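Q: After the sequence you'll find the predicted model.
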Amino acid sequence: MQRTVTAHLEFSLGGQSDLLFQIAVAAGTPILSESFTFSNNGRMYLPREIVDRHGTRILRFTGDPGNYDVFYSALVAGSRPVEPVGEIDLVSYLRPSRYAESDALYVQARSMFAGLTGLALVNAVATWTHDTLEYVPGSSRGTDSARTTLNAGRGVCRDFAHVVVTMLRACDVPARVAAVYAPGLAPMDFHAVAEAWVDGRWRVVDATRLAPRQSLVRISTGRDASDIAFLTNHIASVALSSVEVNAVSDTHIVDDHLSAAVLA
């Protein structure tokens, strides 16, 4: 299966700043072609690449004040090999994190999903999250956590992923989040899904049910949204004016959403 993915960002930078982008397809993915440009009023910047233990490619450079255009595109063929899993991963993804307060929701999760284990537990958490929350574009803030989302009763993909991860960790299932390009997603954007460690492998859990999971292309992986943000800056202010994402597949995929799938 081939997928074509693109991203276009426009933003203004108030002063010299350290800029980090997580928009490139994860390392190890079979890429047939790839290009990216970072420009500020005609000046081009060449980022250096940092790769983390999950294959997340962080494109980093020091930017000057001005108005930026960022373009990324890739043609992906197939799926990346399944990464090895270390003991530290399973320990880390059981712990509470900034946006996934599994310690605070421990009692609620244990009560609601008592007696369930394995895929049955994962599917129950995904279904409950889907049925409990309303997907409303633009309804949440970047600082919203799982508890904030549950209190509001609505959110976007990152919020659904946080709730899933929080409930699973509270039930002793290692869980993490991944940013992906998602052919078939509507509305189209960068997409966030959860992943649960079940039966010796990571399985995708997308409680939004907005995109076929078999066609997803991994970008980044981490504890919660703080680890997978598409743009992070330090020092000066950033004003984001436009984000355009597109992802298409050469194969029509039907996803029944009934069980967790695997995302390489």
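A: Everything's here; your move.
Q: was I right about Phe38 contacting Gly66?
A: No - Phe38 is beyond contact range of Gly66, at 11.5 Å (criterion: C-beta atoms under 8 Å). Just so you know, the C-beta spots here come from the backbone N, C-alpha and C atoms, and that holds for glycine as well.
Q: can you tell me the helix or strand for Asn151?
A: Asn151 belongs to helix 146-152 when assigned by DSSP states H and E.
Q: Now that helix: buried residues?
A: 146-150, 152 (16 or more other C-beta atoms under 10 Å).
Q: Please apply the same query to stretch 50-61.
A: 54-59.
Q: The helix holding Asn151 packs against which elements?
A: The contact analysis (3 or more C-beta pairs under 8 Å, 6 or more residues apart in numbering; DSSP states H and E) places helix 146-152 against helix 157-170.
Q: Recalculate using a threshold of 10 Å.
A: When contacts are defined as 3 or more C-beta pairs under 10 Å, 6 or more residues apart in numbering; DSSP states H and E, helix 146-152 sits against helix 118-132, strand 154-155, helix 157-170.
Q: For the residue of the chain most remote from its centre, list the residues it contacts.
A: The centre of the chain is farthest from one residue, Gly42, which by C-alpha atoms, centre = their mean lies 30.8 Å away. Gly42 is in contact with 66, 69, counting by C-beta atoms under 10 Å, 6 or more residues apart in numbering.
Q: Could you look up the SS state of the residue nearest to the spatial centre of the chain?
A: For the chain, the residue nearest the mean C-alpha position is Ala179 (2.0 Å; C-alpha atoms, centre = their mean). At Ala179, secondary structure determined by DSSP: H, G, I helix; E, B strand; the rest coil is strand.
Q: Tell me the spacing between it and Phe113.
A: Per C-beta to C-beta, to the nearest Å, Ala179 is found 26 Å from Phe113.
Q: cool, Val70 as well?
A: 41 Å.
Q: Likewise for Asp89?
A: Distance from Asp89 to Phe113, by C-beta to C-beta: 23 Å.
Q: so where do the helices sit in the stretch 1-150 of the chain?
A: Using DSSP state H, counting those that start in this stretch, the helices of the stretch 1-150 of the chain run over 87-92, 106-112, 118-132, 146-152.
Q: quick one: which of those is nearest Ala7?
A: Closest of those to Ala7 is helix 146-152, at 25.1 Å (criterion: C-beta to C-beta).
Q: hmm, who's touching that closest one?
A: With C-beta under 10 Å, 6+ apart, helix 146-152 has contacts from 96-97, 99-102, 104-105, 108, 129, 132-134, 136, 139-141, 144-145, 155-156, 158-167, 169-170, 224.
Q: could you point out where the protein is predicted with low confidence?
A: 252-264 (pLDDT under 70).
Q: domain assignment for it?
A: 2-79+234-244, 87-227 (automatic domain parsing).
Q: Pick the most buried one from the ones you listed.
A: domain 87-227 (a mean of 20; mean count of other C-beta atoms under 10 Å).
Q: List the beta-bridge partners for the closest residue to Gly118 other than its chain neighbours.
A: What sits nearest to Gly118 in space, not counting adjacent residues and going by C-beta to C-beta, 6 or more residues apart in numbering, is Val198, at 5.7 Å. For Val198, the beta-bridge partners are Arg201 (DSSP bridges).
Q: gap between Val198 and Thr117?
A: 9 Å.
Q: list the residues that contact both of these two?
A: Taking C-beta under 10 Å, 6+ apart as the criterion, Val198 and Thr117 both touch Val173.
Q: out of the buried residues of stretch 50-61, who's nearest Leu13?
A: Closest to Leu13, out of all of the buried residues of stretch 50-61 and judged by C-beta to C-beta, is Leu59, at 15.4 Å.
Q: State the distance from Tyr181 to Pro47.
A: 19 Å.
Q: One more: Gln2?
A: 26 Å.
Q: can you pull the contacts of the residue lying closest to Leu116 once chain neighbours are set aside?
A: Excluding its sequence neighbours, the residue lying closest to Leu116 (C-beta to C-beta, 6+ apart) is Ala124, at 5.4 Å. Contacts for Ala124 (C-beta under 10 Å, 6+ apart) come out as 112-113, 115-116, 167, 171.
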